[in-house]
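Q: Predicted model and sequence follow; I will ask about them next.
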Amino acid sequence: MVNSDHKRLKVAFLLAESFTLSAFANFVDVLRLAADEADRSRPILCDWGVLSDTMNPVRSSCGVRVSPDTRLRDAGAYDYVIVVGGLMSEETGLSAPMTTFLQDRAAKGTPLIGLCTGVFHLQEAGLLAGYRCCVSWFHHQDFLDRFETERPVSDQIFVVDRDRLTCSGGHGAAHLAAHLVSRHLGQSAAIKSLNIMMIDNALGGDRPQPGQSLDRQPRDPLVKRAVLLMQQNIEVPLTVAALADRLDTPRRTLLRRFEADLAASPSRVYMDLRLDRALSKLASSDAPIPEVAQLCGFCDSAHLSKTLKQDRGWTPSQYRAAKRAAPPQP
């Protein structure tokens, strides 16, 4: 093996309990494929490892366990230290020694990366003060609830702010890894990795995150970002003017781009999202109808019932009853 001092990119991972395996695997595979010719997996141009204070295998959210290979006290120098998060509960944080390690490396100037809910762990460790950070649209409200004074970016796949890099997770982890490979090894190495992984093109961090499924799939990046904002603000819907202001674009431009891309107004798309969310909650939970109405941005159950009946032909009670009476899908 080539001496590790000659590696052009060295990273270390800290895995939170119940971490997201796909985010970790996507990131590592981009490094693996960039580190050698073809896909022979020799760590020639870059190196990676998993650090731990206990060396016990770490269980991912899907049950697969990953064994660390280096104790924290034996950790060397790294270009980046990456925290991979996953499920969120009181039992899934980082250990005190891991947090201390991160704080020590940050003080020494090592760039830190948060993958998936790894951004929560960096925030809890006090390592994102004054930085922009990226959170999945799915966890946007969770982040606001936990860190009331923070305003995360939830309409991009990753954010690079000086020596803090944060990523929404999923395939975004591969694109952030490709960004680093391009920076340290060159663009051709990044493109090769993604192509072998059957990912067509490297995406910049400002590309919109995918979100809740829509019948109309937006293609316009501005429209995608607007839809993500809608998804993040279902309980208290934003006005079209407020959406335009958040996106730093004129209201008329937003209206025109929605009509061109989706043949619908922002208000129509927003209503579809809210009604779809209401139907999903009615079908998948026993929440009282007034609660479902409130969670989906309606004044009360009567408002939801009237709107749903006019738009979809069901009242909430009728829809819930029909779903429960339907035979299970094979």
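A: That came through fine.

Q: Give the bridge partners for Ser52, please.
A: Ser52 forms beta bridges with Arg71, as assigned by DSSP bridges.

Q: Contact partners for it?
A: Counting by Cβ atoms under 8 Å, 6 or more residues apart in numbering, Ser52 touches Leu14, Leu15, Val58, Pro68, Thr70, Arg71, Leu72, Met98. Where you see a C-beta, it was placed from the backbone N, CA and C, and this is true even at glycine.

Q: export these to CSV and tack on distance to Phe298?
A: Compiled in CSV, the contacts of Ser52 are given as follows (distance: Cβ to Cβ, whole Å):
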residue, distance to Phe298
Leu14, 42
Leu15, 41
Val58, 42
Pro68, 49
Thr70, 53
Arg71, 54
Leu72, 50
Met98, 43
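
Q: List buried residues within these.
A: For the contacts of Ser52, a burial check counting by 16 or more other Cβ atoms under 10 Å picks out Leu14, Leu15, Val58, Pro68, Leu72, Met98.

Q: quick one: which of those is nearest to Val269?
A: For the buried ones among the contacts of Ser52, the minimum distance to Val269 (Cβ to Cβ) is 38.2 Å, reached by Leu15.

Q: give me the number of residues near Leu45?
A: By other Cβ atoms under 10 Å, 20 other residues sit near Leu45.

Q: leaving aside the residues next to it on the chain, what's closest to it?
A: Distances taken as Cβ to Cβ, 6 or more residues apart in numbering place Ala35 nearest to Leu45, at 4.7 Å, with adjacent residues excluded.

Q: so where's the stretch 51-200 of the chain shaky on pLDDT?
A: Within the stretch 51-200 of the chain, the set of residues satisfying pLDDT under 70 comprises 90-92, 141, 200.

Q: Spit out the contact partners of the residue positioned nearest the centre of the chain.
A: Centroid-nearest residue in the chain, with Cα atoms, centre = their mean: Ser168, separated by 2.1 Å. Shown in contact with Ser168 (Cβ under 8 Å, 6+ apart): Cys116, Cys134, Val135, Ser136, Trp137, Ser154, Gln156, Ile157, Phe158, Gln209.

Q: out of everything not next to it in sequence, what's closest to Asp300?
A: Excluding its sequence neighbours, the residue lying closest to Asp300 (Cβ to Cβ, 6+ apart) is Ala293, at 5.7 Å.

Q: name the helices or strands packed onto the strand or helix carrying that neighbour?
A: With secondary structure defined by DSSP states H and E, Ala293 is part of helix 289-295. Here helix 289-295 touches helix 266-284, helix 301-312, helix 316-325, going by 3 or more Cβ pairs under 8 Å, 6 or more residues apart in numbering; DSSP states H and E.

Q: Ser154 against Val227, yeah?
A: No. Ser154 lies out of contact with Val227 (Cβ atoms under 8 Å); the separation is 11.8 Å.

Q: Between these two, which has more neighbouring residues?
A: Neighbours were tallied for Ser154 and for Val227 using other Cβ under 10 Å; the higher tally belongs to Val227 (28 against 25).

Q: contacting residues around the residue nearest to that one when sequence neighbours are not counted?
A: Closest residue to Val227 apart from its sequence neighbours, by Cβ to Cβ, 6+ apart: Pro218 at 5.7 Å. Shown in contact with Pro218 (Cβ under 8 Å, 6+ apart): Lys224, Val227, Asp261, Leu262.

Q: how about Pro218, secondary structure?
A: Using DSSP: H, G, I helix; E, B strand; the rest coil, the structure places Pro218 in coil.

Q: Many thanks, I have nothing further to ask.
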